[in-house]
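> structure for the following, please:
(chains A and B)
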Number of protein chains: 2
Amino acid sequence: MTVFVLRLGHRKKRDKRVTTHVCLAARALGAGGVILSGEKDESVMESVKRTVKKWGGNFSLEYDGNWRAVIKDAKRKGFAIVHLTMYGEGLLDAIPQLKAKRKLLVVVGAGKVPGELYSIADFNVSVTNQPHSEVAALAVFLHALFDGRELNKRFPGALVRIVPQKKGKVVLRLRKRAEEN
Amino acid sequence: MTVFVLRLGHRKKRDKRVTTHVCLAARALGAGGVILSGEKDESVMESVKRTVKKWGGNFSLEYDGNWRAVIKDAKRKGFAIVHLTMYGEGLLDAIPQLKAKRKLLVVVGAGKVPGELYSIADFNVSVTNQPHSEVAALAVFLHALFDGRELNKRFPGALVRIVPQKKGKVVLRLRKRAEEN
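Numbers count the residues shown, from 1 in each chain, chains lettered A, B, ... in the order given. Here you go, the predicted model:
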């Protein structure tokens, strides 16, 4: 299953850190990449790209100011469009159908999203019908979609890797391996 | 199961929105309340309290600048302390033991947390060993802990309630009911 994330309506002043969290959570929890829309923000893109370089894996990050074109193009390529919204049908109702898809584009907004998105999307899915966080909604969505397998995802080419510990921190430096790859 | 969240090291300039997301995700996904530490930030507290008032449920929000005392007090009251950290043991390894507890205090940092936390905590738990987002980590943690039951949590006393829809938005105004309660 291939999952990409489209982040709508980024505002440089307000959303810098939340958009960064959207990107990093998408990467850590198994998405293949994020397309950023709204205001172009080099600092967010550089910060996420630095993380990808250090921590490995194949993760694409692009900016495209025309989100309608991004969705149209994704549909043409066979992606089902999943809009995460507190108004949508329940996650647990939607997830069996979504698991049967091969390609998903998950759309998360910053602030209010354009009303037309509700009809353009193939699925409007809610992670609770309460106001909370697009980062939290995306994270729970990916975890439910991948059934926890995303927690053991490998990130090839990493310069560092953590060895999980009950107490303390163990970080392996893998520079050599990264250079060989 | 009672779950509270302790948000460490809030910085007013940097963390306003991420801390708000931590609080709202905690509430939406079944936690009973959040204790904020770090810099005191009335605007975050007011914003979260407005949401609680409108959307209902029992959710406490407090500030306490002395996080060590918060943890000590929680331990005394029988809470197990769970520190979410990318260095910790894997979520799926830890969760069976955590489900057996009656009271959890989940600690999430902003930026780097004090090293002593790793030994003060009863559990150091990682939601992936990748750098991402305390909002995402908390959300996946609560979802795994509550097995998805949190998605159908009721929020008594709400002024509004969303009726989930495949397309569009349906919001019920419940003012009368709220006044009667």
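> CA atoms for contacts and neighbours, from now on please.
Will do.
> which stretches of chain A form helices?
Ranges of helices in chain A, per DSSP state H, are A:12-28, A:42-55, A:67-76, A:91-99, A:117-120, A:134-146, A:175-180.
> quick check: buried residues in the second one?
By that I understand helix A:42-55. By neighbour count with 16 or more other CA atoms under 10 Å in any protein chain shown, helix A:42-55 contains the buried residues A:Val44, A:Met45, A:Val48, A:Lys49, A:Thr51, A:Val52, A:Lys53, A:Lys54, A:Trp55.
> restricting to the residues you listed, which residues neighbour chain B?
Applying CA under 8 Å from any CA of the partner chain to these, one finds that A:Thr51, A:Trp55 fall near chain B.
> columns pLDDT on top of the buried residues of helix A:42-55, output as CSV?
Formatted as CSV, the buried residues of helix A:42-55 follow (pLDDT from 0 to 100):
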residue, pLDDT
A:Val44, 98
A:Met45, 98
A:Val48, 98
A:Lys49, 98
A:Thr51, 98
A:Val52, 98
A:Lys53, 97
A:Lys54, 97
A:Trp55, 98
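> between the buried residues of helix A:42-55, which is nearest B:Ser60?
For the buried residues of helix A:42-55, the closest approach to B:Ser60 (CA to CA) belongs to A:Val44, at 33.1 Å.
> from what I see, the closest one and A:Thr19 are in contact.
Yes. Between A:Val44 and A:Thr19 there is a contact at 7.5 Å, judged by CA atoms under 8 Å.
> list the contacts of stretch A:107-127.
Stretch A:107-127 is touched from outside by A:5-11, A:15, A:80-91, A:94, A:134, A:137-138, A:140-141, B:151, B:164-168, with contacts defined as CA atoms under 8 Å, 6 or more residues apart in numbering or on different chains.
> now do the contacts for the residue nearest to the spatial centre of chain A.
Compute the mean C-alpha point of chain A, and by CA atoms, centre = their mean the closest residue is A:Ala26, 2.9 Å away. Counting by CA under 8 Å, 6+ apart, A:Ala26 touches A:Val5, A:Gly32, A:Gly33, A:Val34, A:Leu138, A:Ala139, A:Leu142.
> hang on, the earlier thing: to A:Gly157, which of the helices of chain A lies closest?
Taking the helices of chain A one by one with CA to CA, helix A:175-180 is closest: 4.9 Å.
> measure the residue nearest to the centre of chain A to A:Glu134 for me?
For A:Ala26, the distance to A:Glu134 equals 11 Å [CA to CA, to the nearest Å].
> please apply the same query to A:Lys99.
Going from A:Lys99 to A:Glu134 by CA to CA gives 20 Å.
> what about the two, which has more around it?
More neighbours surround A:Glu134 than the other of A:Lys99 and A:Glu134, with 27 against 15 (other CA atoms under 10 Å in any protein chain shown).
> skipping adjacent residues, who's closest to the more buried one in space?
Closest residue in space to A:Glu134, ignoring its immediate chain neighbours: A:Val108 at 6.2 Å, by CA to CA, 6 or more residues apart in numbering or on different chains.
> pLDDT value on the one you found, please?
Predicted confidence (pLDDT) for A:Val108: 98.
> which strand runs longest in chain A?
The longest strand of chain A (DSSP state E) is strand A:80-90.
> that one pairs with which strands, parallel or anti?
Under the criterion DSSP bridges, strand A:80-90 sits next to strand A:103-108 (parallel), strand A:123-126 (parallel) in its sheet.
> compile those into CSV and extend it with columns for mean neighbour count.
As requested, the strands paired with strand A:80-90 are exported to CSV (neighbours: other CA atoms under 10 Å in any protein chain shown):
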stretch, mean neighbour count
strand A:103-108, 23
strand A:123-126, 26
